[in-house]
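sequence and predicted structure are below.
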Amino acid sequence: MLAFELGEASWLLGFSAGFGSQVLRRKIASRDRAALLREIARAKAQLGLREQVAVASCYEAGRDGFWLHRFLEAQGIENLVIDSASIEVNRRKRRAKTDRLDVVGLVDLLARHRAGPHKPPFSVVTVPAVEAEDLRHLGRELKLVKKDRTRISNRIKGLLANQGLVLDGRKNMTQQIEAMRLWNSEPLPRFARERLLRYVADYDYHTARIHDLEQQRKALLRSADTNESLEKVWRLLHLRGVGIETAWCYGMEFFGWRQFRNRKQVGSLAGLTPTPYDSGQSERERGIGKDGSRWIRGVAIEQAWAWLRFQPDSELSQWYHARFGGGSRRLRKIGIVALARKLLIALWRFVECGLVPEGAVLAQRVRLP
């Protein structure tokens, strides 16, 4: 068995033959594949194992992504990518934590995972195919570029507000800044004007990037390529009230390449499951777990509000209005989280089985923005 503790400059490897066996620790340079294979062969010899013995390995999901998993699988090594948040830890206030201790702990957890059919000591991350992982970059880049453009827009507005001025984003911003006058009819100061013009150039650059990315997304959806993720995006677009942003995020990040066995897994991965506390005389609800993807969770809540607007006659919308519609603002916000979870499960059933949510209306025509 092999466990990795991945670092930027070096990797710490932990080798073991099983329970009760010593753990050999070796350090190699990061991403040195040849050194990794040499250390595996060397560890087999030191542990008294035959060269043909199968190797099982694991490492925590993080910045290194899935390339190492694919490399290990190509070498015939059974590898697991572990969700770091699911690893058991000591609950003491202060506990020792070093790379050496962590790699020994991972070796022990891997041995327990392979020992039998009992509850696994950690959660295993689902590794997407190369094509499915690559498709995620388009949506993620688009979201980040929009966020950067909003940041630049807010900075422009803030600088102008400092001078008592406003800008119309629908018109040519460069011309507006050149023509602006202060309260005493004087032009903008030199460095303030030049700074604003640079921000406007950045804003225009990000706008052009957004347009190009949206055109690429539209071309992919209109292409004849058969891809499970793209097919599920199209299915979601056939529901009234589900737009391209939600459909793309769900198709590429959530429903496209993952295999859910039940509704609990759907809610758990989105971090929308409740976390009750019931011990002794104390009983309370501590809100949702927030363990999954924050992007999916944010999109799910936005889609829940859109569902109320565009699918008012659906069973889910009627359930929300009957239970939370007459309550306070805080109660309605709590209810929308519950609706988001129910809707996410309903959409999963729709893309997997074609089961239309009760009372929902399909879009008469799918239009790509």
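The structure has been received and is ready for your questions.

quick one: contacts for residue 336?
Contacts of residue 336 were listed using C-beta atoms under 8 Å, 6 or more residues apart in numbering, and they are 301, 304-305, 320, 324. The C-beta positions use only the backbone N, C-alpha and C, and glycine is treated the same way.

now name the helix or strand holding it.
According to DSSP states H and E, residue 336 maps onto helix 329-353.

then residue 200?
Applying DSSP H and E as the criterion places residue 200 in helix 190-222.

what about that helix, average pLDDT?
Helix 190-222 shows a mean pLDDT of 95.

any idea how far that helix is from the chain center?
Chain-centre distance of helix 190-222: 24 Å, with C-alpha atoms, centre = their mean, to the nearest Å.

could you do stretch 348-364 as well?
24 Å.

got a list of contacts for that stretch?
232, 235-240, 250-251, 255, 260, 263, 266, 311, 313-318, 343, 346-347.

narrow the residues you listed to those that are buried.
Buried subset of the contacts of stretch 348-364 (neighbour count, 16 or more other C-beta atoms under 10 Å): 232, 235-237, 239, 250-251, 255, 260, 266, 311, 314, 316-317, 343, 346-347.

now intersect these with the helices, please.
Secondary structure from DSSP state H places 232, 235-237, 266, 316-317, 343, 346-347 of the buried ones among the contacts of stretch 348-364 in helices.

going by distance to residue 31, which of the contacts of residue 336 wins?
Proximity of these to residue 31 (C-beta to C-beta) peaks at residue 301, which lies at 38.6 Å.

and that closest one, what does it touch?
336-337, 340.

residue 116 now?
Residue 116 makes no contacts at all, as judged by C-beta under 8 Å, 6+ apart.

ok so, going back, narrow the contacts of residue 336 to those that are buried.
Of the contacts of residue 336, these count as buried by 16+ other C-beta under 10 Å: 301, 304, 320, 324.

so how far is residue 3 from the residue positioned nearest the centre of the chain?
For the chain, the residue sitting closest to the mean C-alpha position, by C-alpha atoms, centre = their mean, is residue 293 at 4.2 Å. Separation of residue 293 from residue 3 (C-beta to C-beta, to the nearest Å): 26 Å.

same deal with residue 10?
If you go by C-beta to C-beta, the gap between residue 10 and residue 3 works out to 15 Å.

and those two? Which one has more around it.
Taking other C-beta atoms under 10 Å, residue 10 and residue 3 do not tie; residue 3 has more neighbours (28 against 13).

these two touch, right, that one and residue 11?
No. With contact defined as C-beta atoms under 8 Å, residue 3 and residue 11 do not form a contacting pair (10.6 Å).

how's the chain carved up into domains?
With domains defined by automatic domain parsing, the chain comprises 2-115, 131-225, 231-353.

how long is the second one end to end?
As for domain 131-225, its first-to-last residue distance stands at 12 Å under the measure C-alpha to C-alpha, to the nearest Å.

then the longest one?
For domain 231-353, the first and last residues are 13 Å from each other (C-alpha to C-alpha).

show me how far it is from its chain's centre.
Taking C-alpha atoms, centre = their mean, one finds domain 231-353 lying 15 Å from the centre of the chain it belongs to.

rewinding a little: of the contacts of residue 301, closest to residue 208?
residue 340 (33.5 Å).

for that closest one, what are its contacts?
272, 297, 300-301, 303-304.

make a markdown table out of these and add distance to residue 49.
Shown next, in a markdown table, are the contacts of residue 340 (distance: C-beta to C-beta, whole Å):
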| residue | distance to residue 49 |
| --- | --- |
| 272 | 45 |
| 297 | 45 |
| 300 | 48 |
| 301 | 52 |
| 303 | 52 |
| 304 | 54 |
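
which of those residues sit farthest apart?
Maximum pairwise distance among the contacts of residue 340 (C-beta to C-beta): 12.0 Å, between 272 and 303.

any weak-confidence spans in the stretch 101-250 of the chain?
224 (pLDDT under 70).

ok, residue 132 - how many residues close by?
For residue 132, using other C-beta under 10 Å, the count is 17.

give me the phi and psi for it.
When read as degrees, to the nearest 10, the backbone of residue 132 gives phi -70, psi -40.

please, where are all the helices along the protein?
Counting by DSSP H, the chain has helices at residues 33-46, 67-74, 99-115, 130-161, 173-179, 190-222, 228-237, 244-249, 263-269, 294-310, 315-323, 329-353.

need those in CSV (columns: distance to residue 85).
Shown next, in CSV, are the helices of the chain (distance: least, C-beta to C-beta, whole Å):
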stretch, distance to residue 85
helix 33-46, 26
helix 67-74, 18
helix 99-115, 14
helix 130-161, 20
helix 173-179, 44
helix 190-222, 31
helix 228-237, 25
helix 244-249, 22
helix 263-269, 12
helix 294-310, 13
helix 315-323, 30
helix 329-353, 20
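
all set now, cheers.
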